[in-house]
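Trainee: Structure, please.
(one chain, ligands or ions: 1)
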Amino acid sequence: MKMETEVLRNPGQVHSEVARWREDFPVLRETVHGKPLVYLDNAATTHKPVSVIEAEAAFYRHTNSNVHRGVHTLSQRATDQYEEAREKVRRFINAANTKEIIFVRGTTEAINLVAQSFGRPRLTAEDNIIVSAMEHHSNIVPWQMVCGQTGAELRVAPVNEAGEVDVEMLGRLIGPKTKLVAITHLSNALGSITPVKRIIKMAHAQQVPVLLDGAQAIAHLGVDVKALDCDFYAFSGHKIYAPTGIGVLYGKEAWLDAMPPYQGGGDMISSVTFGETHYNDLPYKFEAGTPNIAGAIGLGHALDYVSSLGIGAIAAHEHDLLEYATGLANGIKGLKIIGTAREKASILSFTLEGVHPHDIGTILDHDGIAIRAGHHCAMPIMQRFGLAGTARASFSLYNTRAEVDALMAGIARVQEMFQR
Ligand code: PMP
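Mentor: Predicted coordinates for the structure are as follows:
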């Protein structure tokens, strides 16, 4: 893939660019409890560069109108900008055409859409869907719901001690009655990268389609849906420097064409009478109601921003931060890294002996350091490791080694307080 060669760029060269990248994010100048903000909760949501903030504001200042409806000029401008954003998404993930790009609220809505429009009409009590043990609740509960509605079985591929999906076992779960494999591309709880290409090949060999939960992967790995050959790909804008409330479902046109609409309403129809309704073409069939127009435009700008830095340069920098943090964390007595997969990106999940993760998070917050503490909406994988939760630092393009040092110093203070 193009990105893999870019990642090989000299990380030292990338470092010097980070100070410049940081300038693009106004919120990084905030202080918290009188300390400079050290924001290490990027897996929950990322901050927004000026270009995205300004694009949203500019839409409301200069264009604001509904899309696909008006003959007036502003409505046409709004429609053009909204559709231009769709084209930017298409290009960013290398989809074949814009019919395959559905704007949704986020990953959660994208997966619910597939569960109800793809899953529900196809599933019977004989069928099954496969997920892994390290899914976010967004890639578990929609499947449990559709299994409840249809009687189908939800099968769970195990994860080993390192936090890697057991691909052999997953292969053995796939059978003639498997209707879908739905799996995370990058675990938000552990940072493990799933060997999705291998899994997709394996599933396709048995004519089973694959959905990838790309909520985390989209900002860190570089996604090429054609190269992956996935059937569905779901992601949220807010994890890749775009506003909240906008996300994308990519689906292969043939699948989307064959699926009924998810919701009914305006924009998703071509004609309506009380006798019968004809649905609109793709992608509008799945976009009932007024969409998040400003959000979609913001997403387009966020993808432009990421492309201008280069996803490869970003990934190389984040990889350096993760390696650096992992090395330091391994030297801390009483700290245990949860998730030691060979392939990882941007997430350091850990526990401290004798300290509840929430206490770690609260004490670090006093130092201006934002991390996540808890089950990360992935309770089953926490149960797999016998934990109620972990502390999680997650890195992004604007983080620095100095911030990792601040985190480690903060952890030392937490330990001191609990040893007293
Ligand atoms: N899947 C994964 C792996 C995630 O990390 C998240 C967000 N934490 C989601 C799904 C859900 O994303 P959203 O809340 O934006 O719909």
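Trainee: Give the burial count for Gly410, as a bare number.
Mentor: 22 (other Cβ atoms under 10 Å). To be clear about C-beta, it is placed using only N, CA and C from the backbone, and glycine gets the same treatment.
Trainee: Likewise for Arg61?
Mentor: By other Cβ under 10 Å, neighbour count at Arg61 equals 9.
Trainee: That one and the ligand, how far apart?
Mentor: Distance check for Arg61 against the ligand: by Cβ to the nearest ligand atom, to the nearest Å, it reads 27 Å.
Trainee: quick check, that residue in a strand?
Mentor: No. Arg61 is assigned helix when assessed by DSSP: H, G, I helix; E, B strand; the rest coil, not a strand.
Trainee: Could you tell me how far it is located from Ile347?
Mentor: Applying Cβ to Cβ, to the nearest Å, the value for Arg61 to Ile347 is 37 Å.
Trainee: any weak-confidence spans in this structure?
Mentor: Filtered on pLDDT under 70, the chain yields the residue ranges 1-14.
Trainee: Leaving out the residues flanking it, which one is nearest to the residue sitting nearest the centre point of the chain?
Mentor: In the chain, the residue lying closest to the centroid (Cα atoms, centre = their mean) is Ala215, at 1.0 Å. Among residues not flanking Ala215 along the chain, Thr107 sits closest, at 4.1 Å (Cβ to Cβ, 6 or more residues apart in numbering).
Trainee: ok, Glu54 - how many residues close by?
Mentor: Neighbours around Glu54, by other Cβ under 10 Å: 14.
Trainee: For the strand or helix carrying it, give me every contacting residue.
Mentor: Per DSSP states H and E: Glu54 is located in helix 50-58. Helix 50-58 has contacts (Cβ atoms under 8 Å, 6 or more residues apart in numbering) with 24-26, 241-243, 294-295, 297-298, 300-302, 304-305.
Trainee: Give me the buried subset of the residues you listed.
Mentor: 24-25, 241-243, 294-295, 297-298, 300-302, 304-305 (16 or more other Cβ atoms under 10 Å).
Trainee: In helices only, show me the residues you listed.
Mentor: In helices, judged by DSSP state H, the following of these are found: Ala294, Gly295, Ile297, Gly298, Gly300, His301, Ala302, Asp304, Tyr305.
Trainee: Quickly list the domain ranges of this protein.
Mentor: Domains of the chain are assigned by automatic domain parsing as 4-48+310-414, 53-307.
Trainee: What residues does the stretch 201-350 of the chain have near the ligand?
Mentor: Applying Cβ under 6 Å from any ligand atom, we find that the stretch 201-350 of the chain lies next to the ligand at Asp213, Ala215, Gln216, Ser236.
Trainee: buried set for stretch 326-333?
Mentor: Residues of stretch 326-333 classed as buried: Thr326, Leu328, Ala329 (neighbour count, 16+ other Cβ under 10 Å).
Trainee: go on, stretch 124-139?
Mentor: Going by 16+ other Cβ under 10 Å, stretch 124-139 has these buried residues: Asp127, Asn128, Ile129, Ile130, Val131, Ser132, Ala133, Met134, Glu135, His136, Ser138, Asn139.
Trainee: out of everything not next to it in sequence, what's closest to the second one?
Mentor: In this structure, Asn128 finds its nearest non-sequential neighbour in Glu153, 4.2 Å apart by Cβ to Cβ, 6+ apart.
Trainee: Who are the contact partners of the one you found?
Mentor: Per Cβ under 8 Å, 6+ apart, neighbours of Glu153: Asp127, Asn128, Ile129, Cys147.
Trainee: relative orientation of the helix or strand containing Arg86 and helix 50-58 in degrees?
Mentor: Assigned by DSSP H and E, Arg86 belongs to helix 73-93. Angle of helix 73-93 versus helix 50-58, following axes from the mean of the first three to the mean of the last three Cα atoms, to 10 degrees, is 150 degrees.
Trainee: Mind giving me the packing neighbours of helix 73-93?
Mentor: strand 101-104, strand 247-251, helix 293-309 (3 or more Cβ pairs under 8 Å, 6 or more residues apart in numbering; DSSP states H and E).
Trainee: Now do that helix and strand 247-251, the angle between them.
Mentor: Using the same axes, to 10 degrees: helix 73-93 against strand 247-251 is 60 degrees.
Trainee: how about the strands of the stretch 51-200 of the chain, start to end?
Mentor: Secondary structure of the stretch 51-200 of the chain by DSSP state E, counting those that start in this stretch: the strands cover 101-104, 128-132, 153-157, 178-184.
Trainee: tell me the residue furthest from the middle of this protein?
Mentor: Outermost residue of the chain (Cα atoms, centre = their mean): Gly275, 41.0 Å.
Trainee: Is that one located within a helix, as I assumed?
Mentor: No. Applying three-state DSSP, one finds Gly275 to be coil, outside a helix.
Trainee: Remind me which helix or strand the nearest residue to Arg401 once chain neighbours are set aside belongs to.
Mentor: Computed as Cβ to Cβ, 6+ apart, the closest residue to Arg401 that is not its neighbour in sequence is Tyr324, at 5.6 Å. For Tyr324, the enclosing helix or strand under DSSP H and E is helix 311-330.
Trainee: Endpoints of stretch 271-279, how far apart?
Mentor: Using Cα to Cα, to the nearest Å, the end-to-end distance of stretch 271-279 comes out at 7 Å.
Trainee: any idea how far it is from the chain center?
Mentor: Distance of stretch 271-279 from the chain centroid (Cα atoms, centre = their mean, to the nearest Å) equals 36 Å.
Trainee: repeat for stretch 151-163
Mentor: On Cα atoms, centre = their mean, the centre of stretch 151-163 falls 20 Å from the chain's centre.
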